[in-house]
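Visitor: Okay, predicted coordinates and the sequence, questions at the end:
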Amino acid sequence: MREEHHMKLEMESRSENEGLARTVVAAFLLRMNPTVEEMNDVKTAVSEAVTNSIIHGYGNEVHKIILSADILEDCITVTVEDFGRGIPDIERAMEPMYTTCPALERSGMGFSFMEAFMDELHVTSSVGKGTVVRMKKRIGREKAGNGSYGSAD
């Protein structure tokens, strides 16, 4: 039987909730016994997605962000959804160094970091309706590939 776990959190689009999102996903991910690197990868990707919702989705206005995560076998899927401005050109927004807020000293690397740290990244968006960022990562690759991992030798 395949074991599944699901988590969902609704939070306000406040910058201090970026840390809450990281912590909640990290706690949820612990049941998969991730490496420190895997944990940090997922936390960084979540931070970038939530920050994008706060800054670009809502322009720092306070509205709703929904964070959810699903674990199925050796994969975690994290979804960050906002109901803000939306992205008119997803392909362009995903280009490294592209930003709609250059005055904020943002690097324009959010989607690039999400792609680098996760195995899959899917972005859907509708102008004036919001954006959904879905990221997936397989946990345990390092353990599976190394027979001596975690041994007491």
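Guide: Sure thing, it's come through.
Visitor: mind checking the backbone torsions on Arg85?
Guide: phi -60, psi -30 (degrees, to the nearest 10).
Visitor: Tell me which residues are up against stretch 24-32.
Guide: Here stretch 24-32 makes contact (Cβ atoms under 8 Å, 6 or more residues apart in numbering) with 5, 7, 9, 38-39, 42-43, 46, 67, 69, 71, 74, 76, 78, 139-140. (Glycine included, C-beta is placed from N, CA and C.)
Visitor: And the strands in this protein, which stretches?
Guide: 4-12, 64-72, 75-82, 120-126, 130-138 (DSSP state E).
Visitor: Show me the two of the contacts of stretch 24-32 that sit farthest apart.
Guide: Leu9 and Gly140 (24.4 Å; Cβ to Cβ).
Visitor: so Phe113 touches Thr44, yeah?
Guide: Yes - using Cβ atoms under 8 Å, Phe113 is in contact with Thr44, at 6.1 Å.
Visitor: Mind putting the strands of the chain into a markdown table with distance to Pro34?
Guide: What follows is these, written out as a markdown table (distance: least, Cβ to Cβ, whole Å):
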| stretch | distance to Pro34 |
| --- | --- |
| strand 4-12 | 14 |
| strand 64-72 | 11 |
| strand 75-82 | 8 |
| strand 120-126 | 17 |
| strand 130-138 | 9 |
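Visitor: Those: which one's closest to Tyr58?
Guide: strand 75-82 (6.5 Å).
Visitor: Which single helix of this structure contains the most residues?
Guide: helix 36-52 (DSSP state H).
Visitor: CA atoms only: put that one into CSV for me.
Guide: The C-alpha coordinates for helix 36-52 follow below in CSV (Å, rounded to 0.1, in the frame of the first residue of the first chain):
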residue,chain,number,x,y,z
VAL,A,36,20.5,18.3,5.3
GLU,A,37,21.0,19.3,1.7
GLU,A,38,17.6,18.0,0.6
MET,A,39,16.0,19.9,3.5
ASN,A,40,17.7,23.1,2.6
ASP,A,41,16.8,22.7,-1.1
VAL,A,42,13.1,22.4,-0.3
LYS,A,43,13.2,25.2,2.2
THR,A,44,15.0,27.6,-0.2
ALA,A,45,12.5,26.8,-3.0
VAL,A,46,9.5,27.4,-0.7
SER,A,47,11.1,30.7,0.4
GLU,A,48,11.4,31.9,-3.2
ALA,A,49,7.9,30.9,-4.1
VAL,A,50,6.3,32.5,-1.1
THR,A,51,8.4,35.7,-1.5
ASN,A,52,7.3,35.9,-5.1
